[in-house]
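> Need a 3D model of the following:
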Amino acid sequence: MLSSIRPPAVAGLFYPADPITLSTELTSYMDQAVQAQHLQVSNKAPKAIIVPHAGYIYSGLVAAYGFFHIQRYKHKIKRVVLLGPAHTVYLQGCALPESSHFCTPLGDLPIDRAGAAKLAADDAVTISNIPHKEEHSLEVELPFLQHCLDEFELLPILVGEIAPEPMASLLNLVWGGDETLIVISSDLSHFHPYDEAKRLDQDTCQKILANNSDISSEQACGCRSLNALSLQLIRHNLDITQLSYRNSGDCAASYGADKKRVVGYASFTVS
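So this is what the prediction gives:
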């Protein structure tokens, strides 16, 4: 197979394009997460985390709360299965890239071809670079992963229209053991007034914590991945804990965010 690299699409937009600036910003977010006194690290390695995918100035700190929990296990994690919603194209089922590597300002990440081959045998899975070309929901998680882990392979899965059960079955094919981390990329509600968003997102977070598999796209843009994960948590008898919540309105003072139309962000860990 010829080597092909998927270049970053949103470096300089959602996060810094300069590697030194990016590393400094990531360190700052992680330091803030570490300093949060209520963050307690489980004695069990996290099997999955749920993190948001907006611009770092809005959701970077919330994401850091999730990535904080994987740092101490960086020597064990050798593969990351990353799922996020397709924003730029309409997608039935899931899409894996043809590319052999994904690139960020921090370097290249090799694609897990063995895992991709397992999924590619399913009719619900498409192999195409087109859905991945401009997509941000997976890309914004990559610098955090590179910052927190040692060398690992990446299995990037864009998720479109698919029911919870078949998506959970696909996820189970690449579930793996302690060497595999599942990362679900999802924001919460979009473009509601600040107080209404907090109320709606609180309800959605409770559904996530209760392992409900009927979360809608109005509640979370990564709902199909979240619903599949909930079935997996029941199947594997795992526990989920919420780590953080805020919305874009919380950045209003620093970045001029509009509190009349906010986007919600939360992070969770599963072990």
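> Residue 9 versus the spatially most central residue of the chain, what's the distance?
Taking CA atoms, centre = their mean as the criterion, residue 185 is the residue nearest the geometric centre of the chain, at 2.3 Å. For residue 185, the distance to residue 9 (CB to CB, to the nearest Å) stands at 14 Å. For the C-beta atoms, the positions are set from N, CA and C on the backbone; glycine is no exception.
> In contact with the residue nearest to the centre of the chain, which residues?
Taking CB atoms under 8 Å, 6 or more residues apart in numbering, we find residue 185 in contact with 51-53, 82-85, 137-138, 140-141, 222, 225.
> mind listing which of those residues are in helices?
Taking DSSP state H, the ones among those that sit in helices are residue 225.
> a helix runs through residue 196, doesn't it?
Yes - assessed with DSSP: H, G, I helix; E, B strand; the rest coil, residue 196 lies in a helix.
> Would you map the helices across the stretch 101-250 of the chain?
113-120, 130-133, 142-148, 164-173, 194-209, 223-236 (DSSP state H, counting those that start in this stretch).
> just checking, residue 109 touches residue 142?
Yes - taking contacts as CB atoms under 8 Å, residue 109 lies within contact range of residue 142: 6.5 Å.
> tell me, what's touching these two both at once?
What both residue 109 and residue 142 touch, as defined by CB under 8 Å, 6+ apart, is the set 102, 154.
> Now for the residue nearest to residue 178 when sequence neighbours are not counted, how many residues are close by?
Leaving out its chain neighbours, the residue that sits closest to residue 178 by CB to CB, 6 or more residues apart in numbering is residue 76, at 5.4 Å. Look at residue 76: counted by other CB atoms under 10 Å, it has 15 neighbours.
> beta partners for the residue nearest to the residue nearest to the centre of the chain when sequence neighbours are not counted?
What sits nearest to residue 185 in space, not counting adjacent residues and going by CB to CB, 6+ apart, is residue 84, at 3.5 Å. Note on residue 84: beta-bridge partners residue 158, judged by DSSP bridges.
> Just want to check the distance between residue 153 and residue 101.
10 Å.
> Now stretch 74-86: average pLDDT?
Across stretch 74-86, pLDDT averages out at 97.
> that older thread, spit out the residues that contact residue 153 and residue 101 alike.
With CB under 8 Å, 6+ apart, residue 153 and residue 101 have common neighbours 109, 110, 111.
> buried subset of the residues you listed?
109, 111 (16 or more other CB atoms under 10 Å).
> Just after the lowest-mean-pLDDT helix or strand in the chain, pick out the following helix or strand.
Every helix and strand of the chain was ranked by mean pLDDT, DSSP states H and E. The lowest is helix 252-255, at a mean of 53. Of the helices and strands lying after helix 252-255 in sequence (DSSP states H and E), the nearest is strand 262-270.
> pLDDT averaged over that following strand - what is it?
Strand 262-270 carries an average pLDDT of 96.
> and it with helix 194-209, angle?
Angle, strand 262-270 to helix 194-209, by axes from the mean of the first three to the mean of the last three CA atoms, to 10 degrees: 20 degrees.
> If I take strand 262-270 and helix 223-236, what angle do their directions form?
Using the same axes, to 10 degrees: strand 262-270 against helix 223-236 is 20 degrees.
> Tell me which other helices or strands strand 262-270 touches.
strand 48-51, helix 56-67, strand 190-192, helix 194-209, strand 240-247 (3 or more CB pairs under 8 Å, 6 or more residues apart in numbering; DSSP states H and E).
> all strands of the stretch 1-150 of the chain, in order?
5-6, 48-51, 79-85, 94-96, 101-104, 107-110, 125-127 (DSSP state E, counting those that start in this stretch).
> Show residues contacting the third one.
So the one you mean is strand 79-85. 53, 112, 115, 135, 137-138, 141-142, 145, 149, 152-160, 171, 174-176, 179-186, 221-225, 228.
> just the buried members of those residues?
53, 112, 115, 135, 137-138, 141-142, 145, 149, 152-160, 171, 174-176, 180-186, 221-225, 228.
> re earlier: for the strands of the stretch 1-150 of the chain, which one sits closest to residue 207?
Evaluated with CB to CB, the strands of the stretch 1-150 of the chain place strand 48-51 nearest to residue 207, the distance being 12.4 Å.
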